[in-house]
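# how would this look folded up:
(chains A and B)
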Amino acid sequence: MSRDTALVTADWVEQHLDDDNVVLVEVDEDTSAYDKGHIKGAIKLDWTTDLQDQVRRDFVNRQQFEALLSERGVANDDTVVLYGGNNNWFAAYAYWYFKLYGHSDVKLLDGGRKKWELDSRELTDELPTREQTSYSAQEQDHSIRAFRDEVVAAIGAQNLVDVRSPDEYAGRLLAPAHLPQEQAQRAGHIPTAASVPWSKAANDDGTFKSDDELKEIYSEAGVDWSKDTIAYCRIGERSSHTWFVLKELLGQANVKNYDGSWTEYGSLVGVPVALGDEKGEA
Amino acid sequence: MGCGAVVGGRSIEGIDLTKEAVIQGTVTRGGEPVGSAYVRLLDATGEFTAEVPTDDAGQFRFFAGEGRWTLRTLAPKADPRDDAVTAQRGSVAEVDVLI
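You can find the predicted model right below:
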């Protein structure tokens, strides 16, 4: 994977608005944003209802994912282009999710909804119609999804990258400053994790920084490029953004997203937790 | 009404001001509200903390911590604009952003 295959520009999207094999998909934290206006032809995925099991804390299973994409009219050989608000946090999360279930051609719109709006490009409230398909998903690819036991085993052994804000990392906050402070039982970070807030990877307009700039940012934070990497945040969406940078833009071999993230880790009994701005000891 | 709120500012009904340090305001261009602007909240070191799009009335709001912050506003056909603001628990810091 590289920038050329994983990322498309707003110009590219405009040129493919009438291409039936390109499916635009909007995914937002604010699930009502799509209804107010979206890119022409784009369908909507709701990360809370479409992509999460409604009983257990987990994703929808393979059969549910197949049913979802079939109903929304996404075919296996379609090019899926994801975009959304919040600098593509939830679009990156959906990108990782499509990869988890083995969709072959999936891309992210660089800059997402914000860049599109700042460019004064057109939005519509017209709803698209797509023919139902018979979508077939793969088994989950666990080479890109980390679970709690391997995260604990990675302390001091692999790169752990904490992409939350510095105050969340240090344990001064449990959630981003504009959101309710809830969820995990304990504040802090996983010992030995490097602090690289997701925002370091993006320009103000939401587009990704250049490969050279990105490499420097993670190298300076102490990421060892010869080791495997696990990224985490609070609930796994911001870390999808960083997973995308490390795995899809920079082409690192083994990068996993820990979707349990701090809301799981910070509630586990008996695991080590580091407080303050320092990484802490293994 | 909190001492920092001004006439025409967004209603703070339902917000417990004893617990929150609210920063809010309106983005306007030539007296007209700008509904497609993005306002970023940067901390005292310039680190990104949060970002919200403005609503149709050009309004935005953050629940910040106490201290000095910078609002960076991006909008179509305008240069990015920075406004300094100080937030205090118990009051509303109202900022008019003119682009």
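# quick one, phi/psi of the residue most central in space within chain B?
Centrality entry for chain B: nearest residue to the mean C-alpha point is B:Q24, 3.3 Å, by C-alpha atoms, centre = their mean. Backbone dihedrals for B:Q24, given as degrees, to the nearest 10, come out at phi -150, psi 170.
# ok, it touching B:R61?
Yes - counting by C-beta atoms under 8 Å, B:Q24 does reach B:R61; the two are 4.0 Å apart. For the C-beta atoms, the positions are set from N, CA and C on the backbone; glycine is no exception.
# which residues do these two both contact?
B:R10 (C-beta atoms under 8 Å, 6 or more residues apart in numbering or on different chains).
# about what we covered before: which ones are touching the residue nearest to the centre of chain B?
B:G9, B:R10, B:Q59, B:F60, B:R61, B:F62, B:V92, B:A93, B:E94, B:V95.
# 7 Å - rerun?
B:G9, B:R10, B:Q59, B:F60, B:R61, B:V92, B:E94 (C-beta atoms under 7 Å, 6 or more residues apart in numbering or on different chains).
# same question for A:L268.
A:L268 neighbours (C-beta under 7 Å, 6+ apart): A:R148.
# quick check: closest non-adjacent residue to the residue sitting furthest away from the middle of chain B.
Residue farthest from the centre of chain B, counting by C-alpha atoms, centre = their mean, is B:K77 at 20.1 Å. Of all residues not flanking B:K77 in the chain, A:S120 sits nearest, at 6.6 Å (C-beta to C-beta, 6 or more residues apart in numbering or on different chains).
# wouldn't the one you found be in contact with B:P76 here?
Yes - using C-beta atoms under 7 Å, A:S120 is in contact with B:P76, at 4.4 Å.
# of the two, who's got more company?
The neighbour count for A:S120 versus B:P76, taken as other C-beta atoms under 10 Å in any protein chain shown, is higher for B:P76 (15 against 11).
# relative to A:I155, how far out is the more buried one?
46 Å (C-beta to C-beta, to the nearest Å).
# likewise for A:L174?
Counting by C-beta to C-beta, the gap from A:L174 to A:I155 is 21 Å.
# give me the below-cutoff pLDDT ranges for the stretch 101-250 of chain A.
A:177-184 (pLDDT under 70).
# for chain B, which segments are assigned as helices?
Using DSSP state H, no helices are assigned anywhere in chain B.
# need the residues of it near chain A, please.
Counting by C-beta under 7 Å from any C-beta of the partner chain, the positions of chain B adjacent to chain A are B:36, B:38, B:47-50, B:52-53, B:62-65, B:72, B:74, B:76-77, B:80.
# filter those residues down to just the buried residues.
B:36, B:38, B:48-50, B:52-53, B:62-65, B:72, B:74 (16 or more other C-beta atoms under 10 Å in any protein chain shown).
# how about the strands in chain A?
Along chain A, the segments classed as strands by DSSP state E run A:7-8, A:22-26, A:43-44, A:79-83, A:106-109, A:159-162, A:194-195, A:229-232, A:255-257.
# show me what from chain A comes close to chain B.
Residues of chain A lying close to chain B by C-beta under 7 Å from any C-beta are A:85, A:114, A:117-118, A:120, A:165-166, A:176-178, A:197, A:199, A:204-205.
# so which of those residues are in helices?
With DSSP H as the criterion, helices contain A:G85, A:K114, A:E117, A:L118, A:P166 from among the residues of chain A next to chain B.
# hang on, the earlier thing: okay if I get the strands of chain A as a markdown table plus mean neighbour count and distance to A:S32?
Listed next are these as a markdown table, based on neighbours: other C-beta atoms under 10 Å in any protein chain shown; distance: least, C-beta to C-beta, whole Å:
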| stretch | mean neighbour count | distance to A:S32 |
| --- | --- | --- |
| strand A:7-8 | 20 | 25 |
| strand A:22-26 | 23 | 11 |
| strand A:43-44 | 20 | 10 |
| strand A:79-83 | 24 | 16 |
| strand A:106-109 | 23 | 20 |
| strand A:159-162 | 26 | 30 |
| strand A:194-195 | 20 | 32 |
| strand A:229-232 | 27 | 28 |
| strand A:255-257 | 26 | 26 |
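# show me what contacts the closest residue to A:D78 other than its chain neighbours?
Closest residue to A:D78 apart from its sequence neighbours, by C-beta to C-beta, 6+ apart: A:V23 at 4.8 Å. By C-beta under 7 Å, 6+ apart, the residues touching A:V23 are A:I43, A:V74, A:D78, A:V80.
# same question, A:L45
Applying C-beta under 7 Å, 6+ apart, the residues near A:L45 are A:V25, A:V27, A:L51, A:A94.
# among those, which two are most distant?
A:V25 and A:L51 (11.2 Å; C-beta to C-beta).
# and for those two, which residues touch both?
Both A:V25 and A:L51 are in contact with A:L45, A:A94, where contact means C-beta under 7 Å, 6+ apart.
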